[in-house]
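Colleague: Please work out how this folds:
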Amino acid sequence: MAEAPERLGTSGSLAGPTNIVSKTTGWAIISSITICNTGSSAYTYTLSTSNTSATHDANAYIAYGATIAANDTVLLTGSFVLNVSGASPAQYLVGTVSNTLVRITANGLTGP
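Modeller: As a prediction, the model looks like this:
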């Protein structure tokens, strides 16, 4: 069966570093990450890949303390690879936001 694009994960309330995508089997290629701020103030977000659940890897930041304007959306595109190997690439996409009005969603492909 061919791989099909899908929503890989979305954030809930991110009080601290939280897994947006977690691979326990196979692999995932994250093709896009959408950050949406529904609030009336600017807030910040941090994204990284990591081999440790709910922990940012200082060597693998995608965005660190980036600002998203009020009522705005940021779309990041690329090829962020996750794998269960426990080495490189990482197993988790981890996100932190400064306010729960900011949501993060990852889309891409998964495989066996």
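Colleague: And stretch 17-26, end to end?
Modeller: This stretch, stretch 17-26, spans 23 Å end to end (C-alpha to C-alpha, to the nearest Å).
Colleague: go on, stretch 77-93?
Modeller: End to end - C-alpha to C-alpha - stretch 77-93 spans 14 Å.
Colleague: For the protein, give me the ranges with low pLDDT.
Modeller: Low-confidence segments of the chain, defined by pLDDT under 70: 1-2, 13-15, 85-88.
Colleague: give me that answer again for 80
Modeller: By pLDDT under 80, the low-scoring segments of the chain are 1-4, 12-15, 84-89, 112.
Colleague: how much space between Leu8 and Gly111?
Modeller: 12 Å (C-beta to C-beta, to the nearest Å). The way it works is simple: take the backbone N, C-alpha and C, and place the C-beta from them, glycine included.
Colleague: Between the two, which contacts overlap?
Modeller: Jointly contacting Leu8 and Gly111 under the rule C-beta atoms under 8 Å, 6 or more residues apart in numbering are Ala28.
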